[in-house]
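Engineer: No sequence on hand, only this structure:
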């Protein structure tokens, strides 16, 4: 079994409340948290309005499957999330 983690740090310029922050990023959990091979959570900066960090852990029988899953997440974030990506890290566990 292969396991990898993707950590994405965001800046949310113009975000003035935690409610607005959660709304702008809520699609991440809705879209990826329901997949059986992915765990998604807000992993840092929970109480800051204009920063967020999300972690995604993906599993699969083959490394290629995990890489494809993480790439889909990255592509979705880059094209659909109303935030600036500050940092993006992949780690194999």
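Structural biologist: Everything's here; your move. Keep in mind it's a predicted model, so treat the numbers as computed, not measured.

Engineer: quick one, strands of the chain?
Structural biologist: Ranges of strands in the chain, per DSSP state E, are 2-11, 38-44, 51-60, 84-92.

Engineer: Name the surrounding residues that touch the second one.
Structural biologist: Applying CB atoms under 8 Å, 6 or more residues apart in numbering, the contact partners of strand 38-44 are 7, 9, 25, 28-29, 32-33, 52-59, 69, 73. C-betas here are computed from N, CA, C, even on glycine.

Engineer: Find the centremost residue of this structure, please.
Structural biologist: Residue closest to the average C-alpha location in the chain (CA atoms, centre = their mean): residue 54, at 4.3 Å.

Engineer: Correct me if wrong: that one contacts residue 12.
Structural biologist: No - look at residue 54 against residue 12 with CB atoms under 8 Å: they stay out of range, at 11.9 Å.
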